[in-house]
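Novice: Okay, predicted coordinates and the sequence, questions at the end:
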Amino acid sequence: MSDAAIVFDQVQKRFGDFTALAGFSERVGKNEVIILCGPSGSGKSTLVRTVNRLETLQGGRVLVHGQDVAEHTVNVDVLRRGIGFVFQQYNLFPHLSAIDNVAIGLRRLLGQPKDSAADQALALLARVGLKEKAHRRPSGLSGGEQQRVAIARALAMKPTILLFDEPTSALDPQMAGEVRSIISSLAEEDMTIMCVTHDMGLATSMADRVWFLEGGALVESAAASDFIRSENPRVRNFLSKILPHCR
Amino acid sequence: MLTIVQDHWSFLLWGQFPDGPIGGLALTIVIAVMSLAITFPFAVCIALARTSGLPMLHWLSTGYVYVVRGLPILTFLLWLYFLLPLLLPFSITPFWTLLAAIVIYQSAYLSEVIRAGIEGLPPGQTEAARSLGMSWFIVTRKVVLPQALYDVLPGILNQFTIIIKESSLGSVIALNELTFQAAQVDSFLVTKSLSIYCLIALVYFMICFSLSYLVKNLENRIANKRGATLTGPDNFGFA
């Protein structure tokens, strides 16, 4: 367990009568890139949200670098600073410019001086190709640009783990391509990544393993190239819906 | 109407302050400004308590709002007027009684306006801030309140104008604010009631209209500042 970045141990989560995670157990190695896919309601998003305690559990535990995230001794704010999260709907702060969205963590959480935070934020925006739009509000950016700012914001805290919850599903193909290339480049770095997506292009380009979830449980875990050739009928059924040539 | 102003302007408006009694309009402005200044932070705290998710704070603040909302302010003012001297070891003037009544009463109403703004924010905003590792305090100060207060600015303005008008209730506890002074002038002149109260209405209207105008300007300035593109060196620093 020592070299695992994240361990899911009998994780259970229910929303009323609906079981989102039914005793899910798996582990994610350090710097491993995991793609999660599966039908709607299969528990993918819930699972990644348990990693930084955006969801509380009804049973089991989630360990991040060996630390149980639900322990009362764990400072959840400090824990979250090491785990970047990128949402499907970007969730940028609309009252702040792109540079302020990126710098807010540096300024308010790491206590960096204004100029230094601005320089770092600008460098991160340059990395996602948005240096020229640093002073725009989210309302003045396209969906793809907003998602790139959201990635820069998540990277600002220098996380060791990055979580993506359907980062390209709200974007048109061109914008999704821009975001996909940035996420793929992150996968080259020393970073543990869990990414919920139905984008098989993204999965094959960056995943070490693909997890297929259904009914809150893991149905298949395979390398990306093996996954799209899987003989599991539930996986075949799922792939046939998102990749017509797999029928 | 002009004659009334000419003959009684000092009494109705500024008075002999600081060398003598303060005039009606001046006292009304003092009450309004102090009420607004004290009510606003109280209301923000109550709204935050109601949305905090902490059961004790939630129930206390909810109970406060429900009790206050169930009472007419005039009844509440009179109740305080007779109760406070019994509770406090020192005498309390009508000025402080009115101020307490307005603050306690309007904090409840204003907090509901602010609560609507807080609860109207997409939950993703708080989630994004929390997932960065921000504490509740930073999330509230840097993410929630700047958006929520802006969103409900018209509602806040509405409550502010109500606070100004409610200062006229001071007349029932013999506080020499504008309405009380007008009643004094009325009883002195006897036959000019309509003119006097038209004049008073005009003064209240001008104060409230000016406030509306100021807030509208503020709203426009914030909206411009929050426009899609910011230029110039001052655009970094909101964070």
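Specialist: Received it, and whenever you're ready, just let me know what you need.

Novice: Going along the chain, name the helices of the chain.
Specialist: Defaulting to chain A. Ranges of helices in chain A, per DSSP state H, are A:44-51, A:76-81, A:98-108, A:114-127, A:143-156, A:173-187, A:200-206, A:224-227, A:233-242.

Novice: Chain B was what I was after
Specialist: Going by DSSP H, chain B shows helices at B:2-12, B:24-51, B:55-69, B:73-87, B:94-120, B:123-131, B:136-138, B:145-151, B:153-166, B:178-189, B:193-225.

Novice: Any regions of chain A where pLDDT drops low?
Specialist: Residue ranges of chain A with pLDDT under 70: A:1-2, A:244-247.

Novice: go with 90
Specialist: Scanning chain A for pLDDT under 90 picks out A:1-3, A:72-74, A:139, A:168-190, A:198-207, A:224-247.

Novice: Contact residues of it facing chain B?
Specialist: When proximity is defined by Cβ under 8 Å from any Cβ of the partner chain, chain A lies next to chain B at A:52, A:54, A:77-81, A:83-85, A:87, A:89, A:91-97, A:99-101, A:103-105, A:107-109, A:114, A:117-118, A:135-137, A:139-140, A:150, A:153-154, A:157. C-beta: built from backbone N, CA, C; applies to glycine.

Novice: Can you tell me which of the residues you listed are buried?
Specialist: Buried by 16 or more other Cβ atoms under 10 Å in any protein chain shown: A:52, A:54, A:77, A:79-81, A:83-85, A:87, A:89, A:91-97, A:99-101, A:103-105, A:107-109, A:117-118, A:135-137, A:140, A:150, A:153-154, A:157, out of those.

Novice: Let me know which of the helices of chain B is the nearest to A:Gly66.
Specialist: Ranking those by proximity to A:Gly66 (Cβ to Cβ) places helix B:123-131 first, at 20.9 Å.

Novice: which other helices and strands contact that closest one?
Specialist: Secondary-structure packing of helix B:123-131 (3 or more Cβ pairs under 8 Å, 6 or more residues apart in numbering or on different chains; DSSP states H and E): strand A:83-86.

Novice: Need the contact partners of the strand it packs on.
Specialist: Here strand A:83-86 makes contact (Cβ atoms under 8 Å, 6 or more residues apart in numbering or on different chains) with A:48, A:51-52, A:54, A:64, A:147, A:150-151, A:154-155, A:157, A:159-165, A:167, B:128, B:131.

Novice: how about stretch A:147-163: buried residues?
Specialist: Within stretch A:147-163, the residues scored as buried using 16+ other Cβ under 10 Å are A:147-157, A:159-163.

Novice: So which of those is the closest to B:Ala174?
Specialist: Nearest to B:Ala174 out of the buried residues of stretch A:147-163 is A:Arg153 (Cβ to Cβ; 58.8 Å).

Novice: if I pick the closest one, what's in contact with it?
Specialist: Residues near A:Arg153 by Cβ under 8 Å, 6+ apart: A:Leu92, A:Asn101, A:Val102, A:Ile104, A:Gly105, B:Leu132.
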